[in-house]
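Asker: Requesting a structural model of the entry that follows:
(one chain, ligands or ions: 3)
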Amino acid sequence: MKSLTTNSNVLNWVDQIAAMTKPSKVVWIDGSEEQLKELREEACSTGELKKLNEEIYPGCYYHRSQKDDVARMEDRTFICSRKEEDAGPTNNWKDPKEAYQLGTEIFTNSMNGRTMYVIPYSMGPIASPFSKIGLEITDSIYVVLNMNIMTRIGQKVLDVLGDSKDFVRGVHGKCTLDIDKRYIFHFPEDNTIWSCNSAYGGNVLLGKKCFALRIASYQGWKEGWMAEHMLIVGIENPQGEVKYIAGAFPSACGKTNLAMLIPPEIYRNKGYKVWTVGDDIAWLRIKEDGRLWAINPEAGFFGVAPGTNEKSNYNALMSTRKDSIFTNVVYNLDDDTVWWENLDDNPPENALDWLGNPWNGKRSKEKGAHPNSRFTAPAKNCPCISPEWESPEGVPLSAIVFGGRRAKTAPLVYQSRNWQHGVFVGSTLASETTAAATGKVGVVRRDPMAMLPFCGYNMGNYFKHWLEMGKKMTDPPKIFHVNWFRTNEEGEFIWPGFGENFRVLEWLLNRCESKIDAKDAPIGYLPKAEDINIEGLNISIDTIKSLLTIDNDSWLEEVEGIEEFYKKFGQTLPKELREELNSLKNNLS
Ligand code: GTP
Ligand code: SPV
Ligand code: MN
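Answerer: Numbering: from 1, shown residues only. Ligands and ions are numbered 1, 2, ... in the order given. Alright, predicted model coming up:
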């Protein structure tokens, strides 16, 4: 097939990878509907995809990945900077020479008898000054079709690239899907990503975590901007003014849900609206007005399926009703539809589970969908997608919210005292682990800015970069911390969460506009219980008070945990953060 460009940087690189992987043919993805249709048909003929019921799920497909390939693998993910200290204490590091060599061994002849696809893609609206271009080589049609939803692909991207060599070079090969030879290598100094022996999600959709976070965070550090694991949401008040909030929560901790929430009825009746700009990644830049502006570099949602239902996240569910791909959920054999835990109370009886085994939802004790099963849905399907979501300039942020799963320590919400204190709060973010990555679920780990698995350079320098960005803004967003996940003695969540989280967003926007006071507490500014609106909510003010308590002893333990965590960074930890830790300690005692 003819290539789609005369750019010799692109052509030489594609030739070089083809010479190594030896595919039987090379196909350039032009982004046309004809080509995508052919690919879908081919994937259905080999069983890689199943077409879902065209009437109920038009344009939708089902896919199952291999049993041991269902989540990101953090212990197989490496930052291959020339110097180990540049990867820092929180990343796995491999010498780039060694990584290229190992990758070359694994990739050699790995596409024998297979087709090699070349996907040109843009992160961010095509030709926005904030956008960046990548090329992904892959031997997986599933990857091509997912990239088509998650990014903007095809000829138009190469047209924008022209003769430039400024693009991220991504190589993905399924190889033999051998878990022992699975590697996700990032070479930030070379704008390069190599991923082998996986076919799942964040390991292989190289535009997402690999480029838009790991490589882009490094680029942002060098170029003076930021790439963050954040949702972006707009809140419209009854006067029609929209304020934007970005939120960093670790994987599977509620970004997609917060990005698409439906305000409680009392607010809807008053005319409040919520607009989704992005649900996972934000690229942030300072503009001439001294504010921080955000774009969503993605074009789709790769969202957690279990727990998504009409009540918890209606907008996400509606986004998946056409032109979407479902991975590792339940397949209903009776009507060719999909199901997952908590979709509704009516699990199918004649179905296949995520492993492809016969499954009866009324009898089986095992879960039908994998806890990290996902949907890939076009953002434009979302009923509350913001009219600004593709704005080339992005949207200005009023607030940044950090949050994690904390059964006890963290209150429902508190505000940092200023940018520097906010950076401290973000740097100490901790959460109980989830199924989004392989490994033990439910153990508390520090996950600074929800970026622990996604920062492409030394996190000590990352903290410094955050502090420096703050100094460059005349009107920086206010920084908050939230926790929807406090539990009672029975282990149940106390706060109803989901749409009701709007009440907390209202409080924090009021704070941004200095409309209300707060209590000066050891950890920052806490709401007065009566300032969290509970109208129309089956919760007492005492419950709100309990959600806002600060237990001194657990916070002193928290301080010890932070001290321990900070030790890792040695000299690269900015002194400002150590000062913040000292004042927290003083405030508590
Ligand atoms: P990634 O795509 O992995 O980055 O995840 P995410 O941060 O977008 O998380 P998502 O919104 O998909 O939520 C993950 C899980 O948290 C789902 O099972 C939700 O049902 C649950 N969840 C989200 N918001 C809330 C909330 O406010 N309260 C409670 N209790 N659970 C929530
Ligand atoms: C996450 O794990 O934070 C995700 C899913 O958003 S993945 O694309 O697999 O990284
Ligand atoms: Mn994520």
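
Asker: helix, strand or coil for the residue nearest to the spatial centre of the chain?
Answerer: Residue closest to the average C-alpha location in the chain (C-alpha atoms, centre = their mean): residue 280, at 3.3 Å. For residue 280, the assignment made with DSSP: H, G, I helix; E, B strand; the rest coil gives coil.

Asker: The one 4 residues further on too?
Answerer: Using three-state DSSP, the secondary structure recorded for residue 284 is strand.

Asker: Against ligand 1, how distant is residue 584?
Answerer: 26 Å (C-beta to the nearest ligand atom, to the nearest Å). (Glycine included, C-beta is placed from N, CA and C.)

Asker: so residue 195 sits in a strand?
Answerer: Yes - Residue 195 sits within a strand when classified using three-state DSSP.

Asker: For it, name its beta-bridge partners.
Answerer: Here residue 195 shows beta-bridge partners residue 172, residue 184, assigned using DSSP bridges.

Asker: next one: residue 396
Answerer: Beta-bridge pairing of residue 396 under DSSP bridges involves residue 293.

Asker: OK, contacts around it?
Answerer: The contact partners of residue 396, taken as C-beta atoms under 8 Å, 6 or more residues apart in numbering, are 244, 287, 289, 291, 292, 293, 294.

Asker: Closest one of these to ligand 3?
Answerer: Minimum separation from ligand 3 among the contacts of residue 396 (C-beta to the ion) is found for residue 294, which lies at 15.7 Å.

Asker: which residues sit in contact with the closest one?
Answerer: Residues touching residue 294, when contacts are defined by C-beta under 8 Å, 6+ apart, comprise 230, 232, 244, 246, 277-278, 282-284, 394-397.

Asker: go with 7 Å
Answerer: 232, 244, 246, 282, 283, 284, 394, 395, 397 (C-beta atoms under 7 Å, 6 or more residues apart in numbering).

Asker: now, the most widely separated pair of those?
Answerer: Of all pairs drawn from the contacts of residue 294, the one with the largest separation by C-beta to C-beta is 244 and 283; the distance is 13.7 Å.

Asker: who has more neighbours, those two?
Answerer: residue 283 (29 against 23; other C-beta atoms under 10 Å).

Asker: Verify the stated contact: that one with residue 130.
Answerer: Yes - proximity of residue 283 to residue 130 meets the contact threshold set by C-beta atoms under 7 Å, at 5.9 Å.

Asker: Give me the common contacts of those two.
Answerer: Here residue 283 and residue 130 share the contacting residues 124, 295, scored by C-beta under 7 Å, 6+ apart.

Asker: Next, count neighbours for the residue nearest to residue 333 when sequence neighbours are not counted.
Answerer: For residue 333, the nearest residue in space outside its immediate sequence neighbours is residue 350; the separation is 4.9 Å by C-beta to C-beta, 6 or more residues apart in numbering. Other residues near residue 350 number 12, with proximity taken as other C-beta under 10 Å.

Asker: cool, and the one 10 residues further on?
Answerer: Counted by other C-beta under 10 Å, the residues lying close to residue 360 total 13.

Asker: One more: residue 217?
Answerer: The burial count assigned to residue 217 is 25, neighbours taken as other C-beta under 10 Å.

Asker: just residue 74 next, same as before
Answerer: By the criterion of other C-beta under 10 Å, residue 74 has 17 neighbours.

Asker: With that, I have no additional questions.
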